[in-house]
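[1] The following block contains a protein sequence and its predicted model.
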Amino acid sequence: MNTQELLFFGAYLLFVILMLSIDLGVFNRNAHVVGMKEALWMSIFWVGLGVSFYYFFRHFGHLVHGLDNLDEIQSRITYYRHPISIAGLSFEEARDLYNKNLSLEYITSYLIEKALSVDNIFVMILIFKGFGIGNKYFHRVLFWGILGAVIMRFIFIFLGAALIHEFVWVLYIFGVFLLYSGAKIFFQKNEEQIETHNHPIVKFASKHFRLAADYVGQKFIIKKDSKYYLTPLFLVLLVIEFSDVVFAMDSIPAIFSITLDPYIVFFSNIFAILGLRALFFLVSNIMELFRFLQYGLGVLLSFIGLKLLFHEFLYEKLGIGTVESLYAILLILGVSIIASLVFPEKKEELDV
């Protein structure tokens, strides 16, 4: 990590911390139920913030790595295996092409992470339902859960990038895993509840920590008789964090199929995660309208897995690069959403 990258990354993390602090400390200081209107405006804000970075990368992407000449641009293209060539171009032309590709990789990665987060939301709903916590505490749990997810994604992404550059064949393992994940979606049954008392995280916490019997408002830890106890709300937070680790096993390899630049992977992941809470409140009541979206996500993971396994062939022989991948992802998601709206699930009529 050079000085320019360190400064940019540090500024980005400070920006994320500032936005989270404003979100929790100003707009959501008091626990309350988030309505559809509030969730809609929250979603528009976070999506707008995420999309705005597409325009940043489109015009200033070269600043992330501090690229000032043709040799530095070519070095990054080679190192991160960007599917572009700057042979015969001037510095200005090469910089523009590099930024264009970087912005496409970012927005494609952001879209993948955003789509996969829908499946994560469904699991979160089951977790909240299983623990029986009140709606007004959802935001607080999701906030701290997302803060933990930011830290874990940072570790996973940069370790993964280092591993890939050291052992390129790791990408093929990712590809096989994503194919398996995509196929599994078609055969798994939609669970209606999670047995919280049998969850491994709950069993571990019950064995190693003191647990309070009941919820105490929105507190995670309480002190009683000079001893500290974890509240059930803290257990919910732990289970949410655990579920994010599981979902990261799909989403991070999926984005590495689009770009090997860990900064693009991280930025797209974090912006999608920051908007996860708003998306949760927005779609939690209308999930049943998109009954084919789950299968669309299965196709999406399978497509990305194949892209990882046959990257060279797909790009060199069929010309499937970043732009084509973006179109394919939009098509897959669009078809699944439209099919859900055109062919809604028929509700069984009750006999009178």
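    Nice, thanks for sending it over. Numbers count the residues shown, from 1 in each chain.

[2] From now on I want contacts and neighbour counts done on CA atoms only, so please keep to that.
    Will do.

[3] So, low pLDDT: which residues of the protein?
    Within the chain, the stretches with pLDDT under 70 are 1, 23-34, 188-196, 285-288, 345-352.

[4] the strands in it, which residues?
    Per DSSP state E, the chain has strands spanning 221-224, 227-230. These are given in chain order.

[5] List the contacts of the nearest residue to Gly305 once chain neighbours are set aside.
    Once flanking residues are discounted, Gly305 sits nearest to Gly175: 4.0 Å by Cα to Cα, 6 or more residues apart in numbering. Taking Cα atoms under 8 Å, 6 or more residues apart in numbering as the definition of contact, the neighbours of Gly175 are Pro253, Ile304, Gly305, Leu306, Lys307, Leu308, Leu309.

[6] Roughly how far does Gly175 sit from Gly10?
    When Cα to Cα, to the nearest Å is the yardstick, Gly175 and Gly10 sit 32 Å from each other.

[7] List the contacts of the residue nearest to Glu241 when sequence neighbours are not counted.
    Distances taken as Cα to Cα, 6+ apart place Gly145 nearest to Glu241, at 5.7 Å, with adjacent residues excluded. For Gly145, the set of contacting residues under the criterion of Cα under 8 Å, 6+ apart consists of Leu237, Leu238, Ile240, Glu241.

[8] Test my guess that the last one contacts Ala149.
    Translated: Glu241. Yes. Here Glu241 lies in contact with Ala149, judged by Cα atoms under 8 Å, at a distance of 6.7 Å.

[9] Specify which member of the contacts of Gly175 is nearest to Leu318.
    Using Cα to Cα, Lys307 comes nearest to Leu318 of those, at 11.6 Å.

[10] Among the contacts of Gly145, which one lies nearest to Ile107?
    If you rank the contacts of Gly145 by distance to Ile107 using Cα to Cα, Glu241 comes first, at 25.4 Å.

[11] what's across from Ile222 in the sheet?
    In this entry, Ile222 is beta-bridged to Tyr229, by DSSP bridges.

[12] contacting residues around it?
    Here Ile222 is in contact with Ala212, Val216, Tyr228, Tyr229, Leu230, Thr231 (criterion: Cα under 8 Å, 6+ apart).

[13] Buried ones among those?
    When burial is judged by neighbour count using 16 or more other Cα atoms under 10 Å, the buried members of those are Ala212, Tyr229, Leu230, Thr231.

[14] Quickly name whichever of those residues is closest to Ala161.
    Leu230 (35.8 Å).

[15] Was I right to think that closest one contacts Lys224?
    No. Counting by Cα under 8 Å, Leu230 does not reach Lys224; the two are 10.8 Å apart.

[16] Quick check, His139 in contact with Arg277.
    Yes. When contacts are counted by Cα under 8 Å, His139 is listed as touching Arg277 (6.9 Å).

[17] So between the two, which is more surrounded?
    Arg277 (23 against 20; other Cα atoms under 10 Å).

[18] And the residue nearest to Val150 when sequence neighbours are not counted, how far from Ser226?
    Leaving out its chain neighbours, the residue that sits closest to Val150 by Cα to Cα, 6+ apart is Ile270, at 6.3 Å. Here Ile270 is placed at a distance of 39 Å from Ser226 (Cα to Cα).

[19] The two: who's more crowded?
    Ile270 (24 against 7).

[20] What's the separation between the more buried one and Ile146?
    The spacing between Ile270 and Ile146, counted by Cα to Cα, is 9 Å.

[21] can you check Leu308 too?
    Here Leu308 is placed at a distance of 28 Å from Ile146 (Cα to Cα).

[22] one step back: can I get the strands of the chain in TSV including distance to Pro83?
    Compiled in TSV, the strands of the chain are given as follows (distance: least, Cα to Cα, whole Å):
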stretch	distance to Pro83
strand 221-224	50
strand 227-230	50
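
[23] which stretch among those strands comes nearest Val51?
    strand 221-224 (37.2 Å).

[24] Ile155: neighbouring residues, count only.
    The number of residues packed near Ile155 is 12, by other Cα under 10 Å.

[25] OK, contacts around it?
    Counting by Cα under 8 Å, 6+ apart, there are no residues that Ile155 touches.

[26] ok, back up a step: can you list the contacts of Gly175 in a markdown table and add distance to Pro200 and neighbour count?
    What follows is those, written out as a markdown table (distance: Cα to Cα, whole Å; neighbours: other Cα atoms under 10 Å):
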| residue | distance to Pro200 | neighbour count |
| --- | --- | --- |
| Pro253 | 25 | 26 |
| Ile304 | 30 | 28 |
| Gly305 | 29 | 27 |
| Leu306 | 33 | 18 |
| Lys307 | 34 | 22 |
| Leu308 | 32 | 25 |
| Leu309 | 33 | 20 |
